[in-house]
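Enquirer: 3D, please:
(chains A, B, C and D)
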Protein chains: 2
Amino acid sequence: MVKRVTWQREAVRDALSTSEGFVSAQALHSGLRESGSPIGLATVYRALADLAVEGEADSLQQEGESLYRACTPGTHHHHLICRNCGLTVEIEADAVEAWAASVAAQHGFTQPSHVVDVFGLCANCQRA
Amino acid sequence: MVKRVTWQREAVRDALSTSEGFVSAQALHSGLRESGSPIGLATVYRALADLAVEGEADSLQQEGESLYRACTPGTHHHHLICRNCGLTVEIEADAVEAWAASVAAQHGFTQPSHVVDVFGLCANCQRA
DNA sequence: GGTCTTGTTGATAATGATTATCACTAGCAC
DNA sequence: GTGCTAGTGATAATCATTATCAACAAGACC
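Expert: As a prediction, the model looks like this:
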C-alpha cells in the first residue's frame, strides 16, 4: 500500500494550514466547495484522519464533533483555544508533561498519555 | 419549572455511583434494563445530562460518545483513567490549575477553563 | 506516449449516538 | 382527592461519521 499524492489531499492540507483555529470536517469541506473545489466530503474526512495519524494535524472533540487544526509536526504541545472564534495558540508545557507522568506512576498506571486543553476568550472576542 | 423527584432519576444516580469508571448512556441503560428496571433510554440521557449540569457527574468524550461518572460534588478535580477497563481515580492538581490560568492570562485570554485528563494502563490491566 | 496495477475518489447508503416529538403518566401543592 | 404541569418513554428525526463500490487516476514500467 504505497501512498499516492493527490490534489485532494494537498487541498485539505492547504485549507487546514490556512485556517486560524480548529475546524470541523464539514466546515472545511464547504469552505473548499465554496472556493470552487469539487472535492467530496468522504475524501475530506479521510484526508483529515490521515493527517492526524501522521502527526500533521491535531484534533479535539467538541459538542459531539471532531475539530482539526494544522500543527507543527514532531513537537508535543497543547492548545489555548478561544471558545468564541476558535483562535488557537500552541503552548508547550513541560511541567504538565512531568506532572501527568508522575501522577500516573503514583497510582500504578503505565503507558501514560494525556489530554490537556485550555479554553478562554481571546482579546478580540472580549471587546465584542 | 420546579424539579420533581422520580425513581428514574434516582435509579440513574445509583447506577452511576455503583459503577467503577466512566460509562456511556447506552451501557448504563442496558445495565438498568438487565437488572429489571423498565426505564427508557431517553430518560437515561436526560438524567445524565442533568447530573452533569448539577455537578454531580463528570463527563468526557471518547470515540464519539459521551461517558459519565459520579463525582464528589463541589470539588474541582481531574481524572486518571485506565484506557483498558475504565477504572478511574480522581486527582487534584492545584499546580495545573494555576498553570492553566497563567498561560491564558499571558496570551490575553480571559474566563479560562480547561480539560485535563490522564490516561494509562492500571496495575490490573498490565498483568492481563 | 501507452498500458497496467492498485491506491484513491465521491455519490450515496448505512450506521450509531443523541435529541426532538408528543401523548400519557405521575409528583406534589392545595 | 383534584388539578396543574414536569417527567416519561416509544419512536421518529437529526447529524456527524463510516462503509460501499464502481469509476478514476498516480506512478511504475516499457
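
Enquirer: A:Cys122 - how many residues pack around it?
Expert: A:Cys122: 23 surrounding residues under other C-beta atoms under 10 Å in any protein chain shown. No exception for glycine: its C-beta is placed from N, CA and C like everyone else's.

Enquirer: mind checking how far it is from B:Ala105?
Expert: With distances taken as C-beta to C-beta, to the nearest Å, A:Cys122 is found 12 Å from B:Ala105.

Enquirer: likewise for A:Ala123?
Expert: Using C-beta to C-beta, one gets 11 Å for the distance from A:Ala123 to B:Ala105.

Enquirer: just A:Gly74 next, same as before
Expert: Between A:Gly74 and B:Ala105 the distance is 28 Å, computed by C-beta to C-beta.

Enquirer: between those two, tell me which one has more neighbours.
Expert: Legend: neighbour count by other C-beta under 10 Å for A:Gly74 and B:Ala105, higher for B:Ala105 (12 against 7).

Enquirer: excluding its backbone neighbours, what's nearest the more buried one?
Expert: Leaving aside its sequence neighbours, B:Ala105 sits nearest to B:Pro112 (C-beta to C-beta, 6 or more residues apart in numbering or on different chains; 7.6 Å).

Enquirer: do the same with A:Ala47
Expert: Nearest one to A:Ala47, counting by C-beta to C-beta, 6+ apart, is A:Val12 at 3.8 Å.

Enquirer: is it correct that that neighbour falls within a helix?
Expert: Yes - A:Val12 forms part of a helix when assessed by DSSP: H, G, I helix; E, B strand; the rest coil.

Enquirer: could you check how far it is from DNA strand C?
Expert: According to C-beta to the nearest atom of the strand, to the nearest Å, A:Val12 stands 8 Å off from DNA strand C.
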